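Participant: missing the sequence, but the structure's below:
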């Protein structure tokens, strides 16, 4: 029986979520599997990967072949490196402690890279929010300025009408005086 480490698709349309599984190569993509090794969520930035590294290494040691995408994910989480180091221990090139030390150093370095990526993404989101707020403030100020101009123009139009009424008022009062005098 040939075993593959591959992804099983779950989630809804347009929002994929994957299980990382060890499955018989003849089984359907989303069908029977031998063991669930972890999950992969590509919808987040950076992608979220939860993986049982020791379980994946055990399957790799037993001869399981990862698919291309699964191999990339296993490399990202360090399972391929750990498999390589375990092979070196088995051949006598390394001791168990040296292999574990190298793996931990790699994990720490990788965690730093992921943290910097998360920080960069968070900073980019804040920059986008700040730019959107500035644009909204500019639009609001333009609206307020336009409204003030409109009110001033209406006030200027009302003022000449008031002057006309004021000028007509004395004439009307003079006419009334003449009418009452007669």
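Facilitator: Perfect, thanks for sending it. Keep in mind it's a predicted model, so treat the numbers as computed, not measured. Numbers count the residues shown, from 1 in each chain.

Participant: how about the helices in this structure?
Facilitator: Under the criterion DSSP state H, the chain carries helices at the ranges 53-61, 68-77, 79-91, 96-181.

Participant: Next, format those as JSON lines and append mean pLDDT.
Facilitator: Output for those, formatted as JSON lines (pLDDT from 0 to 100):
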{"stretch": "helix 53-61", "mean pLDDT": "92"}
{"stretch": "helix 68-77", "mean pLDDT": "92"}
{"stretch": "helix 79-91", "mean pLDDT": "89"}
{"stretch": "helix 96-181", "mean pLDDT": "79"}
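
Participant: The spatially most central residue of the chain and residue 78, how far apart?
Facilitator: Closest to where the C-alpha atoms of the chain average out (CA atoms, centre = their mean) is residue 45, at 5.1 Å. Distance from residue 45 to residue 78, counting by CB to CB, to the nearest Å: 21 Å. Placement of C-beta: from N, CA and C, glycine included.

Participant: Ok, residue 89 next?
Facilitator: With CB to CB as the criterion, residue 89 and residue 78 are 16 Å apart.

Participant: Just want to know which of these two has more residues nearby.
Facilitator: The residue with more neighbours, out of residue 89 and residue 78, is residue 78; 19 against 15, by other CB atoms under 10 Å.

Participant: just checking, that one touches residue 106?
Facilitator: Yes: under the criterion of CB atoms under 8 Å, residue 78 makes contact with residue 106 at 6.0 Å.
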